[in-house]
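Participant: using only what follows, build the 3D model:
(2 chains)
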Amino acid sequence: MSYKIVASQCTGCSACEPVCPNVAIYEKDGIFVINPKKCTECIGYFDEAQCEAVCPVDATCVIDTAQPRYQARV
Amino acid sequence: MQEGLGINDRLRQIEVASAAQLAPDHNGCGSSGGSGKSSCGSGAGAGDLAPEIWEKVKNHPCYSEEAHHHYARMHVAVAPACNIQCNYCNRKYDCANESRPGVVSEKLTPEQAAKKVVAVASAIPQMTVLGIAGPGDPLANPEKTFRTFELIAAQAPDIKLCLSTNGLALPDHVDTIADFNVDHVTLTINMVDPDIGAAIYPWIYFGNKRHRGREAARLLSERQLLGLEMLTERGILCKVNSVMIPGINDQHLIEVNRAVKSRGAFLHNIMPLISAPEHGTVFGLNGQRGPSAQELKALQDACAGEMNMMRHCRQCRADAVGLLGEDRSAEFTTEKVMAMELDYDGASRQAYQAEVERKREAQGAARREAIAELAGHHSELQLLIAVATKGGGRINEHFGHASEFQIYEVGVAGAKFVGHRRVDLYCQGGFGEDDALASTLRAINDCTAVFASKIGGCPKDMLREAGIEPVDAYAHEYIERSVLAYFKDYLGRIERGELVHRPKGDATLRQGAFIAA
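Facilitator: Model prediction:
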């Protein structure tokens, strides 16, 4: 139920960290990581995932297929 | 280059060079005689600019062509995030065009950056300006950028603060910029037409959304021009940088020049696109070429009638330290800086700067005197001359040791600095290498002569073969006085029938960012 950051692609630029509405992104060893427990895929906040929209490297902030898709609580 | 010299040797060298700079008047970089506008904002001094603008830029090496001989700036890389994508930038690598060190470069926290600034300013009294230019966009990292300014203003209040931005977030931060007393902002504006912008910017991130194509460029342009207006309304000086991309925005930059001038920008810096496949950028990979030396100069000249143009920009990196074109970053790595005991001595910095001002006054007087010597000569002829110099206005570099040549345009109206050409060092350890010499010849192919303190026999022959006269008779003399003397002699030789003037061809701009060897 979350996005993940492909570590080998991350430049460590930090652009994603402040735009995440869930404060799910943090720095670890110079690159950035998404806490899957906090990530909501921006559902309920924005039409597009903010980390993906701001990331300068294509295919770096991607859906983590190992996690089930996020379901907004109703 | 200068690596072997200690700080004190280097300062003495600068001191000596400054004292020696007695040169005939050059009216900035883009004027012809006394009529046109100065291109470097302050090449000839206070006369070209409104007094309040001159007062602000006279010690700023990036804004004043004259000041960059005397004063140094440093950039601190505290702003890694960016909010737009440019086709000439790949964030994985160092960006050659816009001073962006890549991810391999060291990033600093605001606290580390402030300590580094104080360390450099304590060691280098000519360091007057602190800039934040990246490696991303300063205003996409507002907290880090303004925290850095806050810390520096508290510890070293005499240092001027400036920043360089793409302008997308600018309207949101204009008041904060004014509150921090930032009096210089550089805006990169490559277009005012969304159709052209769509070929330069694949996307922007704005309003929690990624915008693409024409829409992205329209938003970006609107925000840039609005930000520019808001800054100039508040009396904050704005320089505009534009990257010249042949076939995409080259002719359009004349329109950009008009648009930014009408909104109060005081200086326009048109830079050549630097593009190579190894940069990993869209333009690098799709074979988009950069302009030739003459294409760049023609565009700068076309805009020079409209407003002040800047031509001494060396497109140095955002983490550079030192005089323009010189990088002393290695002396101030984070590790070294954090180990330094610092004692910020404002008084000795002031004393050094007062001495520089006294020398610059004297130089101004000498220029006015020397320009009078050319009165009475009439000729339409204008020559380009390449000069090897270590700085300070003297011909004091060996041809084979020059990593760049300064280009002067000389005519009866005077001599003016019109740019510089970086070259590969061809002379390493006493013998020349033909390939590197050939690249030097291409870099100064539009010049009639090359001046250096010494030129070896073999390169002299090759220069003559290429139609460039090698001149080392003016070793250690002042550049502008020497090129004018040569010009007078050149006219004399034509009159006596000893020489037929042949127009020169174009020259190649070397690819790659300036990184001290």
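
Participant: elements contacting whichever strand or helix holds B:Ala121?
Facilitator: For B:Ala121, the host element (DSSP states H and E) is helix B:110-123. The contact analysis (3 or more C-beta pairs under 8 Å, 6 or more residues apart in numbering or on different chains; DSSP states H and E) places helix B:110-123 against strand B:72-75, strand B:127-132, helix B:142-155, helix B:334-338. The C-beta positions use only the backbone N, C-alpha and C, and glycine is treated the same way.

Participant: could I get these as CSV with mean neighbour count?
Facilitator: Listed next are the helices and strands packed on helix B:110-123 as CSV, based on neighbours: other C-beta atoms under 10 Å in any protein chain shown:
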stretch, mean neighbour count
strand B:72-75, 25
strand B:127-132, 24
helix B:142-155, 19
helix B:334-338, 13
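
Participant: looking at the ones you listed, which is nearest to chain A?
Facilitator: When the helices and strands packed on helix B:110-123 are compared by C-beta to the nearest C-beta, helix B:142-155 sits nearest chain A, at 8.0 Å.

Participant: who touches the closest one?
Facilitator: A:18, B:76, B:78-79, B:109-111, B:113-114, B:117-118, B:130, B:132, B:138-139, B:159, B:161, B:163, B:169, B:173, B:176, B:180-182, B:344 (C-beta atoms under 8 Å, 6 or more residues apart in numbering or on different chains).

Participant: do any residues in the helix or strand just after that helix lie close to chain A?
Facilitator: Per DSSP H and E, the first helix or strand lying C-terminal to helix B:142-155 is strand B:160-165. No: against chain A, strand B:160-165 shows no contacts by C-beta under 8 Å from any C-beta of the partner chain, the least distance being 14.7 Å.

Participant: wait, a strand at B:Ile270?
Facilitator: Yes: the assignment for B:Ile270 is a strand, going by DSSP: H, G, I helix; E, B strand; the rest coil.

Participant: give me the number of residues near it?
Facilitator: 25 (other C-beta atoms under 10 Å in any protein chain shown).

Participant: picking that back up, ok now the helix holding B:Ala121, how far from the chain's centre?
Facilitator: Here helix B:110-123 is found 23 Å from its chain centre; the criterion is C-alpha atoms, centre = their mean, to the nearest Å.

Participant: tell me which residues of that helix come out buried.
Facilitator: The neighbour-count check on helix B:110-123 (16 or more other C-beta atoms under 10 Å in any protein chain shown) flags B:110, B:112-123 as buried.

Participant: what residues does that helix touch?
Facilitator: B:7, B:74, B:76-78, B:108, B:127, B:130, B:144, B:147-148, B:151-152, B:155-156, B:159, B:321, B:331-332, B:334, B:337-338, B:340, B:342-345, B:349.

Participant: let's go with 7 Å and repeat that
Facilitator: Here helix B:110-123 makes contact (C-beta atoms under 7 Å, 6 or more residues apart in numbering or on different chains) with B:7, B:74, B:76, B:78, B:108, B:127, B:130, B:144, B:147-148, B:151-152, B:155-156, B:159, B:321, B:332, B:334, B:337-338, B:340, B:342-345, B:349.

Participant: what mean pLDDT does it get?
Facilitator: Mean per-residue pLDDT for helix B:110-123: 87.

Participant: swap in stretch B:481-493?
Facilitator: So the average pLDDT for stretch B:481-493 ends up being 88.

Participant: what segments of chain A are strands?
Facilitator: A:3-5, A:25-28, A:31-34, A:61-63 (DSSP state E).

Participant: closest to chain B out of those strands?
Facilitator: Comparing the strands of chain A against chain B with C-beta to the nearest C-beta, the closest turns out to be strand A:31-34 (9.3 Å).

Participant: number of residues surrounding the residue of chain A found nearest chain B?
Facilitator: Going by C-beta to the nearest C-beta, chain B is nearest to A:Ala15 of chain A, at 3.6 Å. The tally of other residues near A:Ala15 (other C-beta under 10 Å) stands at 27.

Participant: who are the contact partners of the closest residue to it other than its chain neighbours?
Facilitator: The shortest distance from A:Ala15 to any non-neighbouring residue, by C-beta to C-beta, 6 or more residues apart in numbering or on different chains, is to B:Ala81 (3.6 Å). B:Ala81 makes contact with A:Cys13, A:Ser14, A:Ala15, B:Gly136, B:Ala140, B:Asn141 under the criterion C-beta under 7 Å, 6+ apart.

Participant: ok, now with 8 Å
Facilitator: A:Cys13, A:Ser14, A:Ala15, A:Pro18, A:Val54, B:Gly136, B:Asp137, B:Ala140, B:Asn141 are the contacts of B:Ala81 under C-beta under 8 Å, 6+ apart.

Participant: can you tell me which of these has the most neighbours?
Facilitator: Top of the contacts of B:Ala81 by neighbour count (other C-beta under 10 Å): B:Asp137, with 29 neighbours.

Participant: from chain A, how far out is that one?
Facilitator: The spacing between B:Asp137 and chain A, counted by C-beta to the nearest C-beta, to the nearest Å, is 9 Å.

Participant: equivalent analysis for B:Leu491, please.
Facilitator: According to C-beta to the nearest C-beta, B:Leu491 stands 55 Å off from chain A.

Participant: who in the stretch 51-200 of chain B is up against chain A?
Facilitator: Counting by C-beta under 8 Å from any C-beta, the stretch 51-200 of chain B comes close to chain A at B:80-83, B:85, B:91-92, B:102-103, B:107, B:135-136, B:140-141, B:143.

Participant: which one in the residues you listed is the model shakiest on?
Facilitator: Ranking those by pLDDT puts B:Val103 at the bottom, with 42.

Participant: re earlier: of the buried residues of helix B:110-123, closest to chain A?
Facilitator: Using C-beta to the nearest C-beta, B:Pro110 comes nearest to chain A of the buried residues of helix B:110-123, at 13.1 Å.

Participant: which parts of stretch A:43-60 are buried?
Facilitator: Under 16+ other C-beta under 10 Å, the buried positions of stretch A:43-60 are A:Ala49, A:Gln50, A:Cys51, A:Glu52, A:Ala53, A:Val54, A:Cys55, A:Pro56, A:Val57, A:Thr60.

Participant: can I get the helices and strands packed on helix B:110-123 in TSV including distance to B:Glu357?
Facilitator: Converted to TSV, the helices and strands packed on helix B:110-123 look like this (distance: least, C-beta to C-beta, whole Å):
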stretch	distance to B:Glu357
strand B:72-75	16
strand B:127-132	12
helix B:142-155	23
helix B:334-338	29
